[in-house]
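*Asks:* Curious how this folds, go ahead:
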Amino acid sequence: MDVFGKLKDPFSGLSHLFGTFLAIAGLSVLVTLAAQRGTPWQVVSFAVYGASLVLLYTASSLYHLLPLSERGEEIFRTLDHTMIYMLIAGTYTPLCLVPLRGGWGWSIFGVVWGLAFAGIFLSLFWLAAPRWLSTAIYLLMGWVCIVAIYPIVT
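*Replies:* This is a model prediction of the structure:
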């Protein structure tokens with residue numbers, strides 16, 4: 001029985017599935033340690049970060065592993081791409097809620113999550129959006145922290 005022959009993209013799918021399991025383990029460790037030694041802000045922010053990792057790798061695993069119809073392929077590709085926005089915002093969350101938490105932290109948190117939801121909305125409802133637009137949103141999200149570089153390093 002050729003199991004791998006039925007998989008769409010075995011290498012990407014299985015490596016992302018492995019990433020899912022690592023993300024679940026990392027989420028468990030981060031949240032457990034934060035609950036034992038940290039603050040509620042750390043617990044929440046690490047949970048958001050870990051959950052965003054799990055969501056991204058799960059969506060990507062399903063997209064790359066499952067033999068899908070054309071419509072299914074479109075749905076899972078969109079899901080896979082929307083999770084990139086979630087991961088970027090999830091990665092910012094601990095930075096915003098733990099060391100920066102004041103005005104800078106909440107401002108960056110709002111901008112990044114606002115961009116994430118805007119990107120997700122575009123991905124879901126404007127399927128023919130030009131690729132440069134999603135790329136621009138990804139890059140903007142990634143570079144938002146530059147405005148707070150001084151508070152971050154001090």
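
*Asks:* got any ranges where this structure has weak pLDDT?
*Replies:* The chain contains residues with pLDDT under 70 at 1-7.

*Asks:* Try it again at 90.
*Replies:* The chain contains residues with pLDDT under 90 at 1-13, 66-70, 72-73, 101-102, 126-129, 147-154.

*Asks:* Identify the residue nearest the geometric centre of it.
*Replies:* Centroid-nearest residue in the chain, with C-alpha atoms, centre = their mean: Leu87, separated by 1.4 Å.

*Asks:* In contact with it: list those residues for me.
*Replies:* Applying C-beta atoms under 8 Å, 6 or more residues apart in numbering, we find Leu87 in contact with 52-53, 55-56. Any C-beta I mention is one placed from the backbone N, CA and C, and that applies to glycine too.

*Asks:* Can you show me the helices along the chain?
*Replies:* Applying DSSP state H to the chain gives helices spanning 10-37, 40-65, 70-97, 103-125, 131-143, 149-153.

*Asks:* got the buried residues for the fifth one?
*Replies:* Buried residues in helix 131-143, defined by neighbour count with 16 or more other C-beta atoms under 10 Å: 134, 137-138, 141.

*Asks:* just curious, which of those is nearest to Gly110?
*Replies:* Comparing the buried residues of helix 131-143 against Gly110 with C-beta to C-beta places Met141 closest, at 12.4 Å.

*Asks:* Help me confirm that the closest one comes into contact with Phe117.
*Replies:* No. Assessed by C-beta atoms under 8 Å, Met141 is found out of contact with Phe117, at 11.1 Å.

*Asks:* Now the common contact residues for those two.
*Replies:* Here Met141 and Phe117 have Tyr85 as joint contacts, going by C-beta under 8 Å, 6+ apart.
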